[in-house]
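**Q** below is the sequence, then the predicted model.
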Amino acid sequence: MLVSPARTLHRHLDVDGVRVFYRESLPDRTDAPALLLLHGFPSGSHQFRRLIDVLGGHYRLIAPDYPGFGHTETPEGFTHSFDRLADITEGFLRRLGLDRFVMYVFDFGAPVGFRIAERHPEWIAGLVVQNGNAYEEGLSEAARGLVALTPGAPGAEDAVRGMLTLAGTRGQYETGVPDPELIAPDGWTLDQHFLDLPGRKEAQVALAFDYRSNVERYDRWQAWLRKDTPPALILWGRHDPFFPEPGARAYLRDLPDAALHLFDTGHFALETHLPEIAPLIAGFLDRLSPR
């Protein structure tokens, strides 16, 4: 695969009082298709840096940080819920004037992105799903335990906060990876830096308790997939401790023409399999928007 080195802008954009940080590549063609990169927990847009370097010279890659993540700054009193994350992301897209794009959803990016698709199905030109769940069978026992947590229940908040430690963050990167030496420490140490900022752990606790709202919407998201049948590329680390392989295969019920690729890795598949994944994304974008 030929790489055209990407020039990348790093900017803030004000959306309803939130100062949204985002990365945007500057491709070498004015008609380059746009790929919206929606990150997961506990990460941020930095998780896509290597992908942007590889593909950003040919395609317009846009990666925002949600409120409570990365370099995005939120006002005091901001309510952290998945609805509000989707509200701000929708406002961000409107401010950019971006109303037709391929959407890459990973982990938390799935509930954020699918909410946007519910509201604006006409915006979605295609879908790349990487360990972003929308099916009951895609929830591991560990994930089901998280969904069952309720505010005020004995030990519930302690259980969430236990995931927000350095060991917990590192474990999300390395669990299920046959060779942990393939995982650079930069990702999980940078994630922990942001988690340790004032107010960030409280934001993550609130989102953890709100996660059940995503499971309650699975039927609606599946209905959208069946109705609109967006072209889709499914990429999955099959040893994901949160979203196991059946969650990847479940998409084929509603999107039988989707291409499914499974990788011998864990949750953060881009960390170990970028050389295999990047050409698949490039080919998918080219089929949707040929030169």
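**A** Nice, I can see it. Numbers count the residues shown, from 1 in each chain.
**Q** ranges for the helices of the stretch 51-200 of the chain?
**A** Remark: helices assigned in the stretch 51-200 of the chain by DSSP state H, counting those that start in this stretch are 82-96, 109-119, 141-148, 156-162, 166-174, 186-195, 200-210.
**Q** can you pull the buried residues of stretch 95-112?
**A** Judged by neighbour count using 16 or more other C-beta atoms under 10 Å, the buried positions of stretch 95-112 are 96, 101-112. (Glycine included, C-beta is placed from N, CA and C.)
**Q** send me that stretch as CSV with only the CA atoms.
**A** Extracted in CSV, the C-alpha atoms of stretch 95-112 (Å, rounded to 0.1, in the frame of the first residue of the first chain):
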residue,chain,number,x,y,z
ARG,A,95,-20.4,23.5,12.5
LEU,A,96,-18.0,21.8,10.0
GLY,A,97,-20.8,21.6,7.4
LEU,A,98,-20.3,17.8,7.1
ASP,A,99,-23.5,16.2,6.1
ARG,A,100,-22.3,13.2,4.1
PHE,A,101,-19.6,10.9,5.3
VAL,A,102,-18.5,7.4,6.1
MET,A,103,-18.6,6.7,9.9
TYR,A,104,-16.0,4.6,11.8
VAL,A,105,-17.4,3.5,15.1
PHE,A,106,-15.4,1.9,17.8
ASP,A,107,-16.6,1.1,21.4
PHE,A,108,-18.2,4.3,22.7
GLY,A,109,-18.2,5.5,19.1
ALA,A,110,-21.0,3.1,18.3
PRO,A,111,-23.6,4.5,20.7
VAL,A,112,-22.6,8.1,19.8
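**Q** what separates that stretch from the chain centre, distance-wise?
**A** In terms of C-alpha atoms, centre = their mean, to the nearest Å, the centre of stretch 95-112 is found 9 Å from the chain centre.
**Q** could you give the average pLDDT over it?
**A** Mean per-residue pLDDT for stretch 95-112: 98.
**Q** what's the answer for stretch 257-275, then?
**A** 98.
**Q** circling back: ok, so of the buried residues of stretch 95-112, who is nearest residue 157?
**A** Taking C-beta to C-beta as the measure, residue 157 lies nearest residue 108 of the buried residues of stretch 95-112, at 19.0 Å.
**Q** ok, that closest one touching residue 65?
**A** No - the criterion here is C-beta atoms under 8 Å, and residue 108 misses it with residue 65 at 11.4 Å.
**Q** which residues do those two both contact?
**A** Common contacts of residue 108 and residue 65 (C-beta atoms under 8 Å, 6 or more residues apart in numbering): residue 39.
**Q** tell me the helices and strands packed up against the helix of greatest length in the chain.
**A** Assignment by DSSP state H gives helix 269-288 as the longest helix of the chain. Judged by 3 or more C-beta pairs under 8 Å, 6 or more residues apart in numbering; DSSP states H and E, helix 269-288 is in contact with helix 49-55, strand 101-106, strand 124-130, strand 232-237, strand 259-263.
**Q** in TSV, list these along with distance to residue 284.
**A** Listed next are the helices and strands packed on helix 269-288 as TSV, based on distance: least, C-beta to C-beta, whole Å:
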stretch	distance to residue 284
helix 49-55	11
strand 101-106	8
strand 124-130	7
strand 232-237	5
strand 259-263	7
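**Q** looking at the ones you listed, which is closest to residue 18?
**A** Of all the helices and strands packed on helix 269-288, strand 101-106 sits nearest to residue 18, with 20.2 Å by C-beta to C-beta.
**Q** can you pull the contacts of residue 128?
**A** Counting by C-beta under 8 Å, 6+ apart, residue 128 makes contact with 35, 102-105, 232-233, 235, 281, 284.
**Q** quick one on the thing from earlier: from the buried residues of stretch 95-112, which two are the most distant?
**A** The most widely separated members of those, counting by C-beta to C-beta, are 96 and 107 (22.6 Å).
**Q** quick one: the residue lying closest to residue 114 once chain neighbours are set aside from residue 227, how far?
**A** The shortest distance from residue 114 to any non-neighbouring residue, by C-beta to C-beta, 6 or more residues apart in numbering, is to residue 221 (4.4 Å). Distance check for residue 221 against residue 227: by C-beta to C-beta, to the nearest Å, it reads 11 Å.
**Q** same deal with residue 97?
**A** In this structure, residue 97 and residue 227 are 26 Å apart, going by C-beta to C-beta.
**Q** repeat that for residue 119.
**A** The value you get for residue 119 to residue 227, if C-beta to C-beta is used, is 14 Å.
**Q** do residue 141 as well
**A** From residue 141 across to residue 227, the span is 31 Å (C-beta to C-beta).
**Q** residue 219: which element?
**A** Using DSSP states H and E, residue 219 falls within helix 218-228.
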